[in-house]
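Peer 1: I need the structure of the sequence given here:
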Amino acid sequence: MSIDSSNSLFKEQQALLSRVVFLEKERDFVKKLYGDMPQMLQLLAKGALLSTLLNCSKQKLQSLLPNAYCLFIVCDKECLQWRIQFTDSINEGLPNRNGQLISVPQALVTFAASTFVS
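Peer 2: Numbers count the residues shown, from 1 in each chain. Okay, the predicted model is just below:
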């Protein structure tokens, strides 16, 4: 085996090892993020409000991603009325006086419409 092919094989192994480490970190993050989902869904099944689930999700996201901003947007089944679930000083300019979002990207409307089962 030549030195060049040995170096190439070593680089490929390093790249694969790096990818495995990244995927393991990603897996661990997803486990932490969704680990308590069965309990949250059970609360919803027992009649808890959607805002309860979203509050728990927001707290979880903020604990895992402290430098990220969490924004929950909800819409009706027809994707015509869009609202922000939690208004604060950062997003207070987004909704109009009726609490509806002034502007919603068409890609988001398309995505939301595709998730509703008729």
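Peer 1: residues in contact with residue 50?
Peer 2: 44, 74 (CB atoms under 8 Å, 6 or more residues apart in numbering). Where you see a C-beta, it was placed from the backbone N, CA and C, and this is true even at glycine.
Peer 1: now it: how far from residue 86?
Peer 2: 12 Å (CB to CB, to the nearest Å).
Peer 1: counting contacts, what elements does the longest helix along the chain pack onto?
Peer 2: Of all the segments of type helix in the chain, defined by DSSP state H, the longest one is helix 3-34. Contacts of helix 3-34 with other secondary structure elements, assessed using 3 or more CB pairs under 8 Å, 6 or more residues apart in numbering; DSSP states H and E, are made with helix 50-64.
Peer 1: contact partners of the following helix or strand past the helix it packs on?
Peer 2: Using DSSP states H and E, the helix or strand that follows helix 50-64 towards the C-terminus is strand 73-75. Contacts of strand 73-75 with the rest of the structure, by CB under 8 Å, 6+ apart, involve 50, 81-85, 101, 104, 108, 112.
Peer 1: Name the residues of strand 73-75 that are buried.
Peer 2: residue 75 (16 or more other CB atoms under 10 Å).
Peer 1: and it, average pLDDT?
Peer 2: For strand 73-75, the mean pLDDT works out to 91.
Peer 1: next one: the helix or strand just after that strand to chain centre, how far?
Peer 2: Towards the C-terminus, the helix or strand next in line after strand 73-75, according to DSSP H and E, is strand 82-84. Averaging C-alpha positions (CA atoms, centre = their mean, to the nearest Å) puts strand 82-84 17 Å from its chain's average.
Peer 1: Brilliant, that's me finished.
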